[in-house]
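A predicted structure for the sequence below; I have some questions about it.
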Protein chains: 2
Amino acid sequence: MALESFFSPKAVAVVGASRNPAKVGHVVFRNFLEGGFQGKVYAVNPNAESLFGHPCFKSIADIPEKVDLAVLCVPAAMVPKAIEECGKKRIFAAIVLAGGFREVGNSKGEEALVAAAKRWRVRVIGPNCLGVFDPASGVDTVFLPRYKLERPGLGSIAFISQSGAVGSVVMDWMAMKGYRISKFISYGNASDVDETELLEVLAADEQTKVICCYFEGLKGGRAFYEAAKRVSAKKPIVVLKGGVTAAGSTAALSHTGSLAGETAVYSAAFKQAGIIEARDIEQLFDYARVLATQPAPRGSRVQVITNGGGFGILLTDWLSTVGLPMAEMKPEGIAKLKAQLPDYVVLKNPMDLVGDVDAERYRIAVSAALADPGVDMLAVIVLLQTPALTADVVEVIAEEAEKRSKPLIVISAGGRYTEVLKKSLEDMGIPTFSYPERAAEALKALLAKKK
Amino acid sequence: MALESFFSPKAVAVVGASRNPAKVGHVVFRNFLEGGFQGKVYAVNPNAESLFGHPCFKSIADIPEKVDLAVLCVPAAMVPKAIEECGKKRIFAAIVLAGGFREVGNSKGEEALVAAAKRWRVRVIGPNCLGVFDPASGVDTVFLPRYKLERPGLGSIAFISQSGAVGSVVMDWMAMKGYRISKFISYGNASDVDETELLEVLAADEQTKVICCYFEGLKGGRAFYEAAKRVSAKKPIVVLKGGVTAAGSTAALSHTGSLAGETAVYSAAFKQAGIIEARDIEQLFDYARVLATQPAPRGSRVQVITNGGGFGILLTDWLSTVGLPMAEMKPEGIAKLKAQLPDYVVLKNPMDLVGDVDAERYRIAVSAALADPGVDMLAVIVLLQTPALTADVVEVIAEEAEKRSKPLIVISAGGRYTEVLKKSLEDMGIPTFSYPERAAEALKALLAKKK
């Protein structure tokens, strides 16, 4: 069986569905009812007649129709038996959310789970995980309520996470920022389905343009390496590895029970496999956002446009630090700009449009820089606090960016007003950054994109 | 004359006050009227009879009463004359907001400004700056409207910035995050009052506990060094220097007209002067917030408490990277905790309270770790998405932190729900972080705090 039942099942059984809002089975059942899932959902719980007006079945066997996916919201001890019941009912995909297996030393429990899965040919994601969130199909086994953990909209970045906590925090944060997602998979102990198989699934997934991974250790390092090498030739893979130091590795051992290997060994292997390695969570998505939305640059020369001198300097520093050269616009382009802009505008790199800039001045400058053969990438600093700058600068920049296939990012920092306008830019496919450092690093990562 | 007139004047003249909302003089005059300033404000504009119901004076000389501070919102060419008028009226403090001086090559204009200031004994902040924001007195010359740029509340972090853009963005961002400020000074070209004098002012300011600086170059490097050496023995100074690379230095030259010196030379001097150097804007305030709110630690051993294993590992990695050792709680403390907590809680470092944690479990763990003689600092990861965790965990942690004089910070990441609760923690004096990396670096910086 392929793994599509995990992402686009026609019918789902929530085993352990519950009336009690503090129970995992409660949140998951409601996710399916209220989260936009188009298929059928069946609640299974021997102690309830009905749940939220839906009939509740005593056992998996009692469900009268065909089911593609079972979400097991039962304690660890009950999992092997539930998998057996899935097999008998010919449900070949099960997500096991419960912890209490290898990660707490219960290797026997995990072995029993794996044995049941093998025997009944049931593929398993988990245990000790959050499972799957797929905004396209509405599958959502993330057992954290939506008022506490918002879900991001449909986009082209896939995220697979060994850690449920890291995964859930990242989803919540993406939703706030307006970043979008194609698929989220928290796979926990990887007792059956592991990173390598998920990588293949995402490689074949048309919605997914960039694959992001967080893991602490790899069960099948060699297989992952080979798969990544193949996949990265077509789709960018960005990885953040936890447990990179000796202290972190010890902590990882007692978490998902995996031994985090030597940093240097992993990093070297990542590089050879064409994987882009991120330093932290924010960078993982900085990289993913530019790779998912921006074209491959023809070269590495960056033109900076700003309305605040200090920010231009900070960005110039960071571009230099990461090794990206400053672009030099052609004299004809500069001459044309000179004719159109006030004489106190600084037509260098950084190009400083100064504090009385309006949206139209940004249009002229961005258009000229994008058209200039001396420029490969554009970093536009927009400080939205300045008095003459109206909110339509956001559309102006997005319009100009659409006309040319050159990478363009926006750096903008401030408070609530700024955050709202940055979210609009993200919606229009323009990656935004708060910090010059992050922006420079992301442009650098974009060089890895295949033409 | 001392510089207090810049921060707590009894009467202010806004020269160039205007009816036109796009004008600097409009925004500044309204800031004084609507921003909580307790003293008197006089509008000066030869072309208006009254402004917002206030009488408007034809010239500075026409103001009938004593004035302590003039805010000059007039173009560069008119500035020397306006300073002369200030002198004649015995106003000995003037903030010059206009650009168009040395930073665009107009050295003559700046020399004329300085000559007028010297001759009439008027002290000048600026030109090419945003001037002063003092939330205690209500002085606010920042000419960016409050709906675009929010103002932070009164706190104990002072911020002086050579760049107006960097300064304004930072203020807006601080307001959104709930970070608080004692004084903000954007001093631009530093034609008269410079970093060194401002440092002395802030050293003597009781409201200020930490001094943050952003600059691209220093006019009087030696004087600043000597002053910093004296001040840093009493109050922490955190500096972010722009223009650290060769490319950045060239950009700085055309910005504030200052030549940014060699990075290594500056960094070495900072270190010798007891200055803490930040890598970026976020770090500047990460450092400032821990230094302003947390006691000096007795040692460097950190106990991590978490409800998400993956985050615990990431933080452990970063603590190790920055060189902070993991604390080892005493066996008695561990035994006591064992008796109070479920057996699946991981009583190591990181201490993993696991996903079904509630506020009370946090109380028990935080209280024990703070009391333990093996622990010098506490880093508490609180992932607010987990089902059983209620919002009162914020008060629980703040209460426990108050009982002991040990540094405690909180790491919490996610979306809007999380951001609201983090702001509450900031209000209660607990520094919060989104990223393990930032948190580890901030704890490391806290070691510099004098006991």
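It's in.

interface residues of the stretch 51-200 of chain A facing chain B?
Contact residues, the stretch 51-200 of chain A versus chain B (CB under 8 Å from any CB of the partner chain): A:99-100, A:103-104, A:143-145, A:147-150, A:161-170, A:172-173, A:175-176. All C-beta spots, glycine's among them, are computed from the backbone N, C-alpha and C.

Report the buried members of those.
Neighbour-count burial (16 or more other CB atoms under 10 Å in any protein chain shown) is assigned, among these, to A:99-100, A:103-104, A:143-145, A:148-150, A:161-170, A:172-173, A:175-176.

Mark which of these are part of strands, please.
Judged by DSSP state E, the subset of these located in strands is A:Ser161.

Now, the buried ones among the residues of the stretch 51-200 of chain A next to chain B that are in helices?
Counting by DSSP state H, the part of those found in helices is A:Gly164, A:Ala165, A:Val166, A:Gly167, A:Ser168, A:Val169, A:Val170, A:Asp172, A:Trp173, A:Ala175, A:Met176.

per-residue confidence for the second one?
This points to A:Ala165. Predicted confidence (pLDDT) at A:Ala165: the value is 86.

That one - nearest residue in space that isn't next to it in sequence?
Of all residues beyond its chain neighbours, the one nearest A:Ala165 is B:Gly308 (2.4 Å), with distances taken as CB to CB, 6 or more residues apart in numbering or on different chains.

Check A:Gly131 too.
Spatial nearest neighbour of A:Gly131, excluding adjacent residues (CB to CB, 6+ apart): A:Thr141 at 3.3 Å.

now do A:Phe101
A:Glu110 (4.1 Å).

count of neighbours near the one you found?
Look at A:Glu110: counted by other CB atoms under 10 Å in any protein chain shown, it has 22 neighbours.

now the one 10 residues further on
Residue neighbour count, defined by other CB under 10 Å, stands at 19 for A:Trp120.

Relative to chain B, how far out is it?
Using CB to the nearest CB, to the nearest Å, we find A:Trp120 at a distance of 28 Å from chain B.

pretty sure that residue contacts A:Ile83?
Yes: using CB atoms under 8 Å, A:Trp120 makes contact with A:Ile83 at a distance of 6.2 Å.

mind listing the helices for the stretch 351-451 of chain A?
A:359-371, A:393-403, A:416-427, A:436-446 (DSSP state H, counting those that start in this stretch).

Just the residues contacting the second one, thanks.
Spelled out, it's helix A:393-403. The contact list for helix A:393-403 (CB atoms under 8 Å, 6 or more residues apart in numbering or on different chains) reads A:358-360, A:362-363, A:366-367, A:370, A:380, A:382, A:384, A:408, A:410, A:421, A:424-425, A:428-430.

Also the third one?
Outside helix A:416-427, the residues that touch it by CB under 8 Å, 6+ apart are A:177-179, A:289, A:384-385, A:391, A:394, A:397-398, A:410, A:412, A:432, B:147-150, B:172, B:176.

before we move on, what about stretch A:354-363?
Contact with stretch A:354-363 is made by A:305, A:307-309, A:341, A:344-346, A:353, A:380, A:382, A:386-390, A:392-393, A:396-397, A:399-400, B:99, B:164-165, as judged by CB under 8 Å, 6+ apart.

May I see the buried residues of it?
For stretch A:354-363, the neighbour count (16+ other CB under 10 Å) marks A:Val354, A:Gly355, A:Asp356, A:Val357, A:Asp358, A:Ala359, A:Arg361, A:Tyr362, A:Arg363 as buried.
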